[in-house]
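Engineer: turn this into a structure:
(one chain, ligands or ions: 1)
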Amino acid sequence: MHNRPLNRREFSKRAVGTIAALGSLGSVASACASLPTAASIRPDPTPLDARRAAALSGADMAAWRQVAQLARLVPTPHNTQPFRIRPIDARTAEIVALGERFLPAEDDGNLYMASAFGIMAATIEMAAKAHGLDARVSPVASLDVAALHTATSPTLLGTASIVGPEDMQVQIPRYARDDNELLHIRRTSRIPYDGRLVLRETWERLAAATASHGHQLIEHHDPDVVRRTLRLNVDALLDNLRLTDERREIQRWYRLGPTPQFGDGLWEKPMNQDSFEIKAAFGSPGFFGLPVVRQVARRDYLATQRGTRHILLLHGPFAGWPDLVAAGRALFGLWIGMAQAGVYVQPMGSMLTNPRYAAEVARRFDVTDCWLVMRAGYSAEPPRAPRLASILI
Ligand SMILES: Cc1cc2nc3c(=O)[nH]c(=O)nc-3n(C[C@H](O)[C@H](O)[C@H](O)COP(=O)(O)O)c2cc1C
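Structural biologist: Numbering: from 1, shown residues only. This next block holds a predicted model:
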């Protein structure tokens, strides 16, 4: 386990220091025991048998191996990576979801996970394009979204078809490098931004692209709106820590230690949190309710978001299948568009999964169907979050 040494002054300045001073080290230590380390990547319920592994390594599956290698980079809530590509033949693959990787306590009704399938569909199409292939992903016609997390075997969500080129050996596409690069440079940035404003034309272009998926992008850069929204978000984060089911669910995805090359979940570096803070949050959530601790924790967290100049809201139909797929495609288009413009983003989902805060967002911004709030701006390159070695099954 990686514990950055903390000098006395730094320690006493921090929220976790305050918590420790209040005598909670015992519970912090006990929480530490249940947090996974680098060695504990969540195993899949359906490991590949030798025959399937051999079939997937055949020459006819080469295109799917290439596509899956890049599509692994798809962003998913808490880096749960619940989607798998199941090739049927050289040109057809099923896209399935693993229910045990869902977040039913926090993501009531599995709406965010279902929308993430839309992100996956768009990512597969872009990954194919990067290899000179033309792929289309079609969602299944209907789906019981709310039951997805209860499935004990992979659930079919859609089918990916490679529709071109006719000769799959021709793989030197004109824009391959750009697409490949964009999939790699698109990341979540939880570090401070540098205070520069993004040009209005960039937002106008991104809003038009978002509208093409039936969703609206709203951008705010009034400093007061930005400040008040970041504060609302940190309050939601701290209050959500006290929701036992949600906290236990998220805790399963927190990982301590240096970020490995392959993995899932939320690691210290990409989260911009150290192990001590993480252990305190899960070991002593009640202490964050104490006014003095809460104040210090808020201040420390907001310091990680300094320099933020933009708040973004995405809104539109977000209730059923296949609207959720379109929502995910809209978010992916926006995220890649921002990556193209050198702009980073951090989704702030905690405000919307908590009904009390969602109502406050609706009131403040006068929108009834907002499903994602984000902060955006320019930052240094954020640390990378790991991905599983393979998503082919
Ligand atoms: C629908 C959705 C909601 C997300 N919500 C949050 C969030 O509330 N806070 C956060 O820090 N990251 C959030 N993320 C970012 C993921 O944690 C992130 O994509 C994942 O850890 C992989 O990291 P990467 O985006 O840097 O590749 C969200 C991602 C998606 C797709």
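Engineer: ok, now which ones touch residue 309?
Structural biologist: Applying C-beta atoms under 8 Å, 6 or more residues apart in numbering to residue 309 gives the contacts 193, 195, 196, 197, 198, 221, 226, 376, 377. The way it works is simple: take the backbone N, C-alpha and C, and place the C-beta from them, glycine included.
Engineer: and the longest strand belonging to the chain, what does it pack against?
Structural biologist: Taking DSSP state E as the criterion, the chain has its longest strand at strand 155-164. Judged by 3 or more C-beta pairs under 8 Å, 6 or more residues apart in numbering; DSSP states H and E, the packing partners of strand 155-164 are strand 92-97, helix 111-130, strand 134-139.
Engineer: avg pLDDT for that strand?
Structural biologist: Taken as a whole, strand 155-164 has a mean pLDDT of 96.
Engineer: so which elements touch the very next helix or strand once past it?
Structural biologist: Using DSSP states H and E, the helix or strand that follows strand 155-164 in sequence is helix 176-185. On a contact count with 3+ C-beta pairs under 8 Å, 6+ apart, helix 176-185 meets helix 111-130, helix 323-340.
Engineer: how far away from the center of its chain is the next helix-or-strand element following the last one?
Structural biologist: Sequence-wise, the next helix or strand beyond helix 323-340 is strand 344-347, with elements assigned using DSSP H and E. The chain centroid and the centroid of strand 344-347 are separated by 10 Å, computed with C-alpha atoms, centre = their mean, to the nearest Å.
Engineer: which elements pack onto strand 344-347?
Structural biologist: Judged by 3+ C-beta pairs under 8 Å, 6+ apart, the packing partners of strand 344-347 are helix 323-340, strand 370-377.
Engineer: could you pull up the contacting residues of the most far-flung residue of the chain relative to its centre?
Structural biologist: Largest separation from the mean C-alpha position in the chain: residue 167, at 35.5 Å (C-alpha atoms, centre = their mean). Not one residue lies near residue 167 by C-beta under 8 Å, 6+ apart.
Engineer: so how far is the ligand from it?
Structural biologist: The spacing between residue 167 and the ligand, counted by C-beta to the nearest ligand atom, to the nearest Å, is 33 Å.
Engineer: repeat that for residue 289.
Structural biologist: In terms of C-beta to the nearest ligand atom, residue 289 sits 21 Å off from the ligand.
Engineer: got the contact list for that residue?
Structural biologist: Contacts for residue 289 (C-beta under 8 Å, 6+ apart) come out as 238, 242.
Engineer: need the residues of the stretch 151-300 of the chain near the ligand, please.
Structural biologist: Contact residues, the stretch 151-300 of the chain versus the ligand (C-beta under 6 Å from any ligand atom): 187, 188, 190, 270.
Engineer: what about dumping the CA coordinates of the helix or strand hosting the last one to PDB?
Structural biologist: For residue 270, the host element (DSSP H and E) is helix 268-271. Coordinates of the C-alpha atoms in helix 268-271 are reproduced here as PDB (Å, rounded to 0.1, in the frame of the first residue of the first chain):
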ATOM      1  CA  GLU A 268      -5.300   7.500  -6.000                       C
ATOM      2  CA  LYS A 269      -3.400   9.300  -8.700                       C
ATOM      3  CA  PRO A 270      -6.200   9.800 -11.300                       C
ATOM      4  CA  MET A 271      -8.600  10.600  -8.500                       C
END
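Engineer: from the chain's centroid, how far away is it?
Structural biologist: For helix 268-271, the distance to the chain centre is 13 Å (C-alpha atoms, centre = their mean).
Engineer: again, but for stretch 130-137
Structural biologist: 23 Å.
Engineer: so which bits of that stretch are buried?
Structural biologist: 130, 131, 132, 133, 135, 137 (16 or more other C-beta atoms under 10 Å).
Engineer: what of stretch 218-235?
Structural biologist: Here stretch 218-235 shows 218, 219, 220, 221, 226, 229, 230, 232, 233, 234, 235 as buried, counting by 16+ other C-beta under 10 Å.
Engineer: show me how far stretch 325-345 is from its chain's centre.
Structural biologist: Distance, centroid of stretch 325-345 to centroid of chain: 12 Å (C-alpha atoms, centre = their mean).
Engineer: tell me if that stretch is near the ligand.
Structural biologist: No - contact between stretch 325-345 and the ligand is absent, the nearest approach being 6.6 Å (criterion: C-beta under 6 Å from any ligand atom).
Engineer: pLDDT weak spots in the stretch 101-250 of the chain?
Structural biologist: Along the stretch 101-250 of the chain, segments meeting pLDDT under 70 span 169-177.
Engineer: need the helices and strands packed on strand 155-164 in JSON lines (columns: distance to the ligand).
Structural biologist: Conversion of these to JSON lines gives the following (distance: least, C-beta to the nearest ligand atom, whole Å):
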{"stretch": "strand 92-97", "distance to the ligand": "14"}
{"stretch": "helix 111-130", "distance to the ligand": "5"}
{"stretch": "strand 134-139", "distance to the ligand": "16"}
